[in-house]
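Trainee: Give me a 3D structure for the following:
(one chain, ligands or ions: 1)
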Amino acid sequence: MPNCTGCRRGGWTWMRAHSGDATQPQATPAGERGVASRPAGNRQVAAVFADVARTHPALTVALVAAVVATVVTALLPPLVLAQVVDGIAARSLDAPRLAATYLALVVLQGLAGAGQEAAIAVFGQKVTHELRSRMAAKLDRLPAGYFVRNAAGAITSRLVNDVDAVEALFASGVVGMVTDLCQVVGIVAIVMWESVGLGAMLLVALPLVFLFTRHVQRATLDAQTQNRVAVGEANEQIPETLRTIRTIRQLGREAFMGRRYARAIDRAFLAQERSNFYDAVYSPVVITTSSVVIGVSLSLAAQGGPLGSLFGVTVGGAVAVISYVEKVFTPLSDIGMEIQSIQQAAAGVRRIGELLGEAEERPAVTDAVAPSDGSSGDVAASLSHVTFGYEPNSPVLRDFSLRVERGEHVTLVGRTGAGKSTVLRLLLGLYQPDSGEVMVLGRRAGAISPAERRRCYGYVEQAFRAVPGSVTDQVTLGDPSVTVDQVSRALQTVGLSDVVAGLPQGGNTLLADARLSQGQLQLLNIARAIACDPGLLILDEVTANLDSATERQVMEALAVAVCGRTVISVSHRLFEREGGRLVRVGEDDPEASE
Ligand SMILES: Nc1ncnc2c1ncn2[C@@H]1O[C@H](COP(=O)(O)OP(=O)(O)OP(=O)(O)O)[C@@H](O)[C@H]1O
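Mentor: All right, here's what the predicted structure looks like:
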C-alpha cells in the first residue's frame, strides 16, 4: 500500500462549503438530450444573413446595386441594338451614338457581373465567418452529452462542409436565382412589348424548355453519380486484386476477377455515355426551340394581316427579339442548376439549423439541492432509483440505486454493455436520468457548473485526450485558476515530475514534441484529473489499453492518487490492488456487493 501520510482532503472541504445551496430545477430529459428545435435553428441561419446585412450596410447596398446593374445591363443592349438597326435603316445621324451606347452597355454588363461576383464573395465570406463563429460559440454552450452523442467528424463536417454549402447556396443559389429570374421576367416583358405574339409563344415555350432542362439536369446528375460510384468500385478492385493476387492465381480465379473488373468499368462507361448523351442533346434542342419560336413568329409577321400585326416588329425590333429569345434560355437553364444547388445545400442548412437549435447547457449553477437523503455529509455520490436509456423505451439502467460513502472505493462490475460506463456518465452529469436522482457531493449531478466540476471530481478514462498546447496545458486545460503549484503537485503525485523536468522546455514543451509514451500520457491524464484536488475520482477502465509493465506503473501512480479520496471506478485491477466494494450493474440486485 502506498504511504497515505500527508494526503489532503481539500476537495471535501470545498464540498462542504457548497452543500447548503438553493434548489435548481432540473432540465427536462428531452432538453438534456439536446432535442433541437429545427424551425428555430433554421431561423437562426436566416438571422445570420440578416445580421450581416444589417451590420454591413455598404456591402449590402453594393450587392443589391450589383444585382440590379447586372439585370439592367443584360436587358438593355438588345433594345439599344434595335434602335441602332432602325437608325441605320432610316440613315439617322443618331446611329453612331447609339452604337457607342450599345458598346458601353455591353462593357457595363461585364463590369456589373464582375461587381456582383465580388460583392457575393465578400458577403458570403462574412456570412460564413459569422456562422462559424456562432456555431463555435454554440459548441461551447452545449452540454457534454452532445459530444458523446455526436462523433467529432460529424461536428467538424457541420462547421466545414455544411457552412461551405450555405455559402454556395447564397452565391450560386439564391442570388444567382434572383438575378436569373429577373432577367427571364424582364426578357419576356420586353419581347411581349415588342411583339405580343412572340411574347405569347415564349410564355408557352419557356415552361416546356424549363421542364426539359430540369429533366436533363436530373438525369445528368444521376448518370454522373453512377459514374463516380462505378469508377470508385473499379479503382478499389485494382489494389484489392493486387493484394490477393497469389490467392487468385492459386484458385484460378483470374477470369472471375477480370469479369468483375470489366463489369465495373462497363457500368462507369455506360453512365458516362448517358451523361454525354444528355450533354450532346441539350444544346441542339434548346437552339432548335429558339429557332422555331423565332422562325414561326417572323414568318407570321411577314404574312401580314391581323395575325401578322400581332407578331409585327420593326427591323430593329426583329434583331432585338431574336437576341432576347437566344438570351432567355441561358438564365432559364441556370435557374435549373440553381434549384439543384439549393436542394443540395438544404441538407447543410438543416444540419446547421439543428446545431444552432440544440438545447443548451443550463447556465452555471450557484445553487444546489439539499440532498434528498438528508445526509450529504457522509454520501459522496448516489443514484436513487435511476432509470436511463440512450434511446426512448430502451433503458440501459432500470431502477438502479447506488450509494457511495465518503472515502469509499467502489468498483462497478457487470457484463459488457451492462451500463457501468453509463453510471459514470450520469455521475459526470453528461446525461439526465429518465427518472430517479443522481447526486454528487450533495448536488444534482447535472447542476454542477463547468467552473466547479474540476474541483468536485476528477475523471480518467481509457484514452488520453490531448488538447492543443504544452505538457502543462494538458494538466491545466488552459484554466488560469490552476496554479503552478497545483500542476507540479499533480505531476509529483503521478511520478511524472522528473520526466517533465527533463523535457527541452520543461512543462512548456509542446506535447507533440515531448514524445511521451502511452503510459506517461495516461499518467498525465491522472495528473489532469487530480490537479484541482477533487474529493472524488471517477475512473473508467484506466488501464485497459496498456501493456502489463505500463499498467503496473499507472497502478502505482493511481494508488497514490486515490489516497484519501472517494473512488468510483470500472477497473478490476484497481479493485484487486486497493480493495473496496464491488457493485454489480445490470443485475437484479444492483446493490449486491462483495
Ligand atoms: N452514446 C450512446 N448511444 C446509444 N447507446 C449507447 C451509447 N453509449 C452506450 N450505449 C449502449 O448502452 C449500453 C451500456 O453501455 P455502457 O458503455 O454503459 O456499458 P458497459 O457496462 O460500460 O460496457 P463495457 O464493459 O463493454 O464497457 C450498451 O448497450 C451500449 O451499446
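Trainee: Burial check on the closest residue to the ligand within the stretch 201-350 of the chain, number of neighbours?
Mentor: Closest residue of the stretch 201-350 of the chain to the ligand, C-beta to the nearest ligand atom: R350 (21.8 Å). Glycine gets a C-beta too; all of them are placed from N, C-alpha and C. By other C-beta atoms under 10 Å, 16 other residues sit near R350.
Trainee: Whichever residue of the stretch 101-250 of the chain sits closest to the ligand is in what secondary structure piece?
Mentor: With C-beta to the nearest ligand atom as the measure, the residue in the stretch 101-250 of the chain that lies nearest the ligand is V148; the distance is 5.3 Å. With secondary structure defined by DSSP states H and E, V148 is part of helix 144-149.
Trainee: Can you give the distance from the helix or strand just after that helix to the centre of its chain?
Mentor: Along the chain past helix 144-149, the next helix or strand (assigned with DSSP H and E) turns out to be helix 152-157. Between the mean C-alpha location of helix 152-157 and the chain-wide mean there is a distance of 5 Å, by C-alpha atoms, centre = their mean, to the nearest Å.
Trainee: what about A121, is that helix, strand or coil?
Mentor: In the three-state summary, A121 is assigned as helix, counting by DSSP: H, G, I helix; E, B strand; the rest coil.
Trainee: for S401, same thing?
Mentor: With three-state DSSP as the basis, S401 sits in strand.
Trainee: Measure how buried it is and give me the count.
Mentor: Residues contacting S401 under the criterion other C-beta under 10 Å number 15.
Trainee: Please report how far it lies from S449.
Mentor: With distances defined as C-beta to C-beta, to the nearest Å, the gap from S401 to S449 amounts to 26 Å.
Trainee: Next up, identify which helix or strand H215 is on.
Mentor: Following DSSP H and E, one finds H215 within helix 196-243.
Trainee: Next secondary structure element downstream of that helix?
Mentor: Moving toward the C-terminus from helix 196-243, the first helix or strand encountered (DSSP H and E) is helix 245-251.
Trainee: For that next one, report the contacting residues that lie outside it.
Mentor: Among residues not part of helix 245-251, those counted as contacts by C-beta atoms under 8 Å, 6 or more residues apart in numbering are 241, 253-254, 257.
Trainee: hmm, 7 Å instead?
Mentor: Among residues not part of helix 245-251, those counted as contacts by C-beta atoms under 7 Å, 6 or more residues apart in numbering are 241, 254, 257.
Trainee: of the residues you listed, buried ones?
Mentor: Buried positions within those, assessed by neighbour count (16 or more other C-beta atoms under 10 Å), are 241, 257.
Trainee: Dump the contacts of helix 245-251 into CSV; add distance to the ligand as well.
Mentor: Listed next are those as CSV, based on distance: C-beta to the nearest ligand atom, whole Å:
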residue, distance to the ligand
T241, 37
E254, 44
M257, 38
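Trainee: Is V386 part of a helix or strand, or is it coil?
Mentor: Taken by three-state DSSP, the conformation at V386 corresponds to strand.
Trainee: ok, what's across the strand from it?
Mentor: On the basis of DSSP bridges, V386 takes part in beta bridges with F400.
Trainee: what's the first-to-last distance across stretch 445-457?
Mentor: Start and end residues of stretch 445-457 are separated by 11 Å (C-alpha to C-alpha, to the nearest Å).
Trainee: Measure how far that stretch is from the centre of its chain, please.
Mentor: Stretch 445-457 has its C-alpha centroid displaced from the chain centroid by 28 Å (C-alpha atoms, centre = their mean).
Trainee: How about the residues of the stretch 51-200 of the chain by the ligand?
Mentor: Applying the criterion C-beta under 6 Å from any ligand atom, the portion of the stretch 51-200 of the chain that neighbours the ligand consists of 148-149.
Trainee: Ignore what I typed, I meant the chain.
Mentor: Along the chain, the residues adjacent to the ligand under the rule C-beta under 6 Å from any ligand atom are 148-149, 390, 396, 414, 416-422.
Trainee: Filter these down to the buried ones.
Mentor: When burial is judged by neighbour count using 16+ other C-beta under 10 Å, the buried members of those are 396, 414, 418-422.
Trainee: can you tell me which of those residues are in helices?
Mentor: Secondary-structure check on these using DSSP state H: residues within helices are 420-422.
Trainee: Make CSV out of the residues you listed and add pLDDT.
Mentor: As requested, those are arranged in CSV below (pLDDT from 0 to 100):
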residue, pLDDT
K420, 93
S421, 92
T422, 93
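Trainee: tell me which of these is nearest to N508?
Mentor: Proximity of these to N508 was ranked by C-beta to C-beta; the top entry is S421 with 34.5 Å.
Trainee: which non-adjacent residue is nearest the closest one?
Mentor: Spatially, and ignoring its direct neighbours in sequence, S421 is nearest to D540 (5.6 Å; C-beta to C-beta, 6 or more residues apart in numbering).
Trainee: what's around the one you found, how many residues?
Mentor: Other residues near D540 number 21, with proximity taken as other C-beta under 10 Å.
Trainee: who does the helix holding H215 touch, helix- and strand-wise?
Mentor: With contacts defined as 3 or more C-beta pairs under 7 Å, 6 or more residues apart in numbering; DSSP states H and E, the secondary structure elements packing on helix 196-243 are helix 176-194, helix 254-303, helix 305-311, helix 315-357.
Trainee: Can you redo those helices as a markdown table, where the extra columns are distance to L59 and mean pLDDT?
Mentor: As requested, the helices and strands packed on helix 196-243 are arranged in a markdown table below (distance: least, C-beta to C-beta, whole Å; pLDDT from 0 to 100):
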| stretch | distance to L59 | mean pLDDT |
| --- | --- | --- |
| helix 176-194 | 17 | 88 |
| helix 254-303 | 36 | 86 |
| helix 305-311 | 45 | 61 |
| helix 315-357 | 22 | 81 |
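Trainee: got CSV for those, with distance to I120 too?
Mentor: Shown next, in CSV, are the helices and strands packed on helix 196-243 (distance: least, C-beta to C-beta, whole Å):
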stretch, distance to I120
helix 176-194, 8
helix 254-303, 26
helix 305-311, 39
helix 315-357, 13
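Trainee: Which residues are in contact with A544?
Mentor: With contact set as C-beta under 7 Å, 6+ apart, A544 has these partners: Q462.
Trainee: wait, is it part of a strand?
Mentor: No. Under three-state DSSP, A544 falls outside any strand and is assigned coil.
Trainee: how close does G564 sit to the ligand?
Mentor: Applying C-beta to the nearest ligand atom, to the nearest Å, the value for G564 to the ligand is 27 Å.
Trainee: go on, V404?
Mentor: Taken as C-beta to the nearest ligand atom, the spacing of V404 relative to the ligand amounts to 17 Å.
Trainee: On the three-state scheme, that residue is what?
Mentor: Under the three-state scheme (three-state DSSP), V404 adopts strand.
Trainee: now swap in P480 and tell me
Mentor: Look at P480: counting by three-state DSSP, its state is coil.
Trainee: Could I get the pLDDT score of it?
Mentor: pLDDT, the model's per-residue confidence, is 89 for P480.
Trainee: Next one: it from A451, what distance?
Mentor: When C-beta to C-beta is the yardstick, P480 and A451 sit 12 Å from each other.
Trainee: Check R260 too.
Mentor: Distance check for R260 against A451: by C-beta to C-beta, it reads 60 Å.
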